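Undergrad: missing the sequence, but the structure's below:
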């Protein structure tokens, strides 16, 4: 059997087991993961600037504005709204539900695959990751093969900052 295929099958299995353990359902877990994304971006801004400069020749200002600040703002927005997003939403009753309590309860679906692009490798990997974390899902990230230095940086940093529930491919 193909070792790469076995690797991906095992990665998916581990992510599903992690999701089924239920840790991602808790608000404090999600908040901690979102805060870790912000911390990673703040502590390694120079590393991201260097990697994107080497991969795409992006200048510092463009990297900070179009990649890092966008992701950081998305994470901060999720942190500030997570409690509200997790609360059940009342739904208007109709004739058949007059005696019922009608609620919409948002629940995570499971494992999310995030495939990055070459043109905005940090933003296109981490913005969807923020959404997946906020929703309570596990994520498998596959950064672009075209941005070698940025991919290597993400591979190195994400497991250090985020829980083992979050995986990279």
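TA: Structure received. None of the values given here were measured: they were computed from a predicted structure. Numbers count the residues shown, from 1 in each chain.
Undergrad: what's in contact with stretch 67-81?
TA: 31, 34-35, 37-38, 41-42, 45, 48, 52, 58, 120-123, 126-127, 130-131, 133-134 (CB atoms under 8 Å, 6 or more residues apart in numbering). C-beta here means a position set from N, CA and C on the backbone, and glycine is covered the same way.
Undergrad: cutoff 10 Å now
TA: For stretch 67-81, contacts defined as CB atoms under 10 Å, 6 or more residues apart in numbering pick out 30-31, 33-42, 44-45, 48-49, 52, 56, 58, 63-64, 85, 120-131, 133-135, 150.
Undergrad: and the residues you listed, which are buried?
TA: 30-31, 33-34, 36-38, 40-41, 44-45, 48-49, 52, 56, 58, 63-64, 120-131, 133-135, 150 (16 or more other CB atoms under 10 Å).
Undergrad: isn't residue 20 right up against residue 110?
TA: Yes - contact criterion CB atoms under 10 Å: residue 20 and residue 110 qualify, at 8.4 Å.
Undergrad: still on that earlier bit, so of the buried ones among the contacts of stretch 67-81, which ones are in helices?
TA: Here DSSP state H is the test, and the buried ones among the contacts of stretch 67-81 give 30-31, 33-34, 36-38, 40-41, 45, 48-49, 52, 56, 63, 121-131, 133-135, 150 as lying in helices.
Undergrad: give the residues shared as contacts by residue 20 and residue 110.
TA: residue 138.
Undergrad: quick one: contacts for the residue most central in space within the chain?
TA: The residue lying closest to the centre of the chain (CA atoms, centre = their mean) is residue 129, at 1.4 Å. Residues in contact with residue 129 (CB under 10 Å, 6+ apart) are 33-34, 37, 71, 74-75, 112, 114, 116, 137, 139, 141, 154, 158, 162, 166.
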